[in-house]
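Colleague: please find the sequence and the predicted model below.
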Amino acid sequence: MSRRRGIIISAVLAGLAIAFIFVIRAQYVAPIIMYHNIDANSAGSRLSVSPESFKRQMRFLKNQHYNVVKLEDLADMVRKNKFPLKTISITFDDGYENNYTQAYPVLKSLGLCATIFIAPALVGADGYLTWDQIAEMSESGVISIGSHSMSHAWLPDLADQKLDSEILGSRRSIEGHLRGEVYSFSYPVGGFNQDVRDKVIKSGYKIAVATNPGKKYPKHDLFAMKRLRISSTSDNLFVFWFETTGFYTWIKEHRDKD
């Protein structure tokens, strides 16, 4: 009787373990990490990561065999609902020049791909990328270029015609300069509503990223993809690992108020 009881208990525990793993796996959100500046101002700005920390983080992803994919490839995986654990996408917002001088050489040397979101009206301004730099990175195959609207506008407040200029016009501008398709869009400051989202879809993008739209949005809404901002707190590689597990988004959303 005791042996039979032991077998039953073991079977129940095994079943509970499998159920627990299934429940946990269901909370997985493919991590999309978000950078802005890679510079020496990380102590004073949450939008800056030091070049040293960035290099350590990218080496970590490489050494731990993360499946680093471009956003347009992640979109295809989401549509098929097939992406392995440790799949991750790297993104940069705003198109600062230090993305070219500090981030691009690291990514290129490690063979890691990323997406840089640019606003065409800001290209060539002081501190921002030039079209020559953007073209070089795009042609390398390492960097894909996405739209961050035409002028980094707050999109929810714009009239219909202005939205067309910011969303579709920015795509056409980038494609005209690079002679290639633009697949991804980043909402400036994470701001969007249903009208903005619909415009992005109608403009032919495959995927759009926000910042933190909250748990009211599905975990893999292709036009409201959730991202994790990387800042100086991620200088600690344990923190960076935790943020990139794929489960941090779920934990954060259930910890924070909407």
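Modeller: Cool, the structure landed.
Colleague: list the contacts of the nearest residue to Y128 once chain neighbours are set aside.
Modeller: Nearest non-adjacent residue to Y128, counting by C-beta to C-beta, 6 or more residues apart in numbering: L122, 4.9 Å away. In this view, the C-beta of every residue, glycine as well, is placed from N, C-alpha and C. Taking C-beta atoms under 8 Å, 6 or more residues apart in numbering, we find L122 in contact with 94-95, 128, 151-152.
Colleague: now the residues you listed in CSV, with secondary structure and distance to L168?
Modeller: Shown next, in CSV, are these (DSSP: H, G, I helix; E, B strand; the rest coil; distance: C-beta to C-beta, whole Å):
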residue, secondary structure, distance to L168
D94, coil, 20
G95, coil, 19
Y128, strand, 22
S151, coil, 14
H152, coil, 16
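Colleague: closest one to E243 out of these, please.
Modeller: Ranked by distance to E243 (C-beta to C-beta), those are led by D94 at 20.5 Å.
Colleague: count of neighbours near the closest one?
Modeller: By other C-beta atoms under 10 Å, the residues close to D94 number 21.
Colleague: and it, how far is that from Q57?
Modeller: Distance of D94 to Q57, computed by C-beta to C-beta, to the nearest Å: 19 Å.
Colleague: same question for N37.
Modeller: 14 Å.
Colleague: then G190?
Modeller: In terms of C-beta to C-beta, G190 sits 22 Å off from Q57.
Colleague: more neighbours: which of these two?
Modeller: Q57 (23 against 17).
Colleague: now the residue most central in space within the chain. Its backbone dihedrals?
Modeller: The centroid of the chain falls nearest to I32 when counting by C-alpha atoms, centre = their mean (3.1 Å). Backbone torsions of I32, given as degrees, to the nearest 10, read phi -120, psi 110.
Colleague: many thanks, have a good one.
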